[in-house]
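Visitor: with the input below, show me the fold.
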Amino acid sequence: MRIDVGSVLRHSANLPYADLVTRSTGAAVRRCIEAELSSLAHDDVATLDFTHIGMMDYSCADEVVAKLLLDLARRGGRPSSLVFHGITDAHLEAIEDVLLHHGLALVVHFADGAARLVGAVSEDERVLWQLVHARGTYLVDDLARDSARNSADVLPVLEALLDRRLLRRDGFTFAPIGVAS
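Guide: Have a look, this model is predicted:
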């Protein structure tokens, strides 16, 4: 499922502009997104598309990004993962700040196709995530070899990335979170 955050903003707050500003606007947008996400199956991946969002202030980043991720973690259910698409440098400062404040992380897909793990992650999480993302899928032993680590050391980091919904498991392999169509 793909959710156009710009469209949600226009409909939920009845605003003619595309800037996510004020906490009340962010809360209204988040509630609409939560309602759409509630219809998804447990293993679905949802893409929140920020392509049509201009500016985003810290209060909206907290409402739309952090509180949404916190609620998803608390509920543990649907969707299995959120991918943030169309994030710009203008959005990133506020998003990274609220992610660090709450100890959260997410996968961001930029308009140019690049993907990055942002927020509160350890260096081990970042390195392993980047390897999996670059290759597509990895078995634990292959990932351990390619990262010059022991399999016993790699597995807990991969499990943490799974728990935080930053990677997915495909049978015996670990894979990046795909962009939902």
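Visitor: for the residue nearest to the spatial centre of the chain, what are its contacts?
Guide: The residue lying closest to the centre of the chain (C-alpha atoms, centre = their mean) is Leu106, at 3.3 Å. By C-beta atoms under 8 Å, 6 or more residues apart in numbering, the contact set of Leu106 is Val65, Leu69, Leu82, Val83, Phe84, Ile95, Leu99, Leu117, Val118, Gly119, Leu166. All C-beta spots, glycine's among them, are computed from the backbone N, C-alpha and C.
Visitor: with just CA atoms, put stretch 1-21 into CSV.
Guide: What follows is stretch 1-21, C-alpha atoms only, in CSV (Å, rounded to 0.1, in the frame of the first residue of the first chain):
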residue,chain,number,x,y,z
MET,A,1,0.0,0.0,0.0
ARG,A,2,1.2,3.5,-0.9
ILE,A,3,-0.1,6.5,1.1
ASP,A,4,0.4,9.9,-0.5
VAL,A,5,1.0,12.1,2.6
GLY,A,6,0.4,15.2,0.6
SER,A,7,-3.0,14.0,-0.3
VAL,A,8,-3.7,13.0,3.3
LEU,A,9,-2.7,16.5,4.4
ARG,A,10,-5.0,18.2,1.9
HIS,A,11,-8.0,16.1,3.0
SER,A,12,-7.4,15.7,6.7
ALA,A,13,-6.6,19.3,7.5
ASN,A,14,-8.4,20.8,4.5
LEU,A,15,-5.4,23.0,3.7
PRO,A,16,-4.5,24.4,0.3
TYR,A,17,-0.7,24.1,0.9
ALA,A,18,1.7,21.2,1.1
ASP,A,19,3.6,22.1,4.3
LEU,A,20,3.4,19.9,7.4
VAL,A,21,3.4,22.5,10.1
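Visitor: how far does that stretch sit from its chain's centre?
Guide: How far stretch 1-21 lies from its chain's middle: 18 Å, per C-alpha atoms, centre = their mean, to the nearest Å.
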